[in-house]
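**Q** Got a sequence here, can you build the structure:
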Amino acid sequence: MTKGQCLCGAITFQTDARPQGASVCHCGQCRRQSGHLWASAHVPKPALTIAGPVRWYDSSAQAQRGFCPTCGSFLFWHAHAEDTISFALGALDAPTGLRLQKHIFTADKGDYYDIADDVPQSS
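**A** All right, here's what the predicted structure looks like:
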């Protein structure tokens with residue numbers, strides 16, 4: 001069972017499904033919303049149980065982001081056309097048993113840092 005919560009605990013989530021695609025997103029939207037990077041993994045949407053007052057924000061015509069209206073934790077990302085939902089790795093209870101598989105949108109990364117690991121990158 002994979003479990004997580006927001007900073008204040010008002011929103012909890014869990015899944016029995018094995019999280020896939022552990023990645024770090026460097027896109028401008030994730031950097032603006034998180035303050036730096038956003039690390040996530042995904043599961044089929046029906047496999048994720050969410051409890052609490054998630055506020056959803058349509059950040060583009062393609063996707064929405066879910067966050068806690070109390071503490072502001074950015075917890076979820078869902079593409080309207082996909083049957084999966086991504087959740088923040090930083091919100092998970094340890095140990096996660098996960099390892100990063102990729103860096104995504106690296107062409108949009110901030111100019112104030114370098115990606116210094118050996119994890120595969122995609123533009």
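
**Q** those strands in the chain, which residues are they?
**A** Remark: strands assigned in the chain by DSSP state E are 2-5, 12-15, 20-25, 38-44, 48-51, 55-58, 63-67, 74-79, 84-88, 102-104.

**Q** Could you point out which of those sits nearest S122?
**A** strand 102-104 (5.4 Å; Cβ to Cβ). In this view, the C-beta of every residue, glycine as well, is placed from N, C-alpha and C.

**Q** Identify all contacting residues around the helix or strand bottoming out on mean pLDDT in the chain.
**A** Scoring the helices and strands of the chain by mean pLDDT, DSSP states H and E places helix 28-34 at the bottom, with a mean of 95. The contact list for helix 28-34, computed with Cβ atoms under 8 Å, 6 or more residues apart in numbering, reads L37, W38, S59, S60, R65, F67, F74, F105, D108, K109, G110.

**Q** try stretch 80-92
**A** 2-6, 13, 19-22, 38-46, 48, 61-64, 73-78, 96, 98.

**Q** List only buried entries from those residues.
**A** The neighbour-count test (16 or more other Cβ atoms under 10 Å) marks 2, 4-6, 13, 19, 22, 38-43, 48, 63, 73-78, 98 as buried among the contacts of stretch 80-92.

**Q** re earlier: so can I have a markdown table of the strands of the chain showing distance to D114 and mean pLDDT?
**A** A markdown table is the format used below for the strands of the chain (distance: least, Cβ to Cβ, whole Å; pLDDT from 0 to 100):
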| stretch | distance to D114 | mean pLDDT |
| --- | --- | --- |
| strand 2-5 | 28 | 98 |
| strand 12-15 | 32 | 98 |
| strand 20-25 | 13 | 98 |
| strand 38-44 | 17 | 98 |
| strand 48-51 | 33 | 98 |
| strand 55-58 | 30 | 98 |
| strand 63-67 | 26 | 98 |
| strand 74-79 | 23 | 98 |
| strand 84-88 | 23 | 98 |
| strand 102-104 | 11 | 98 |
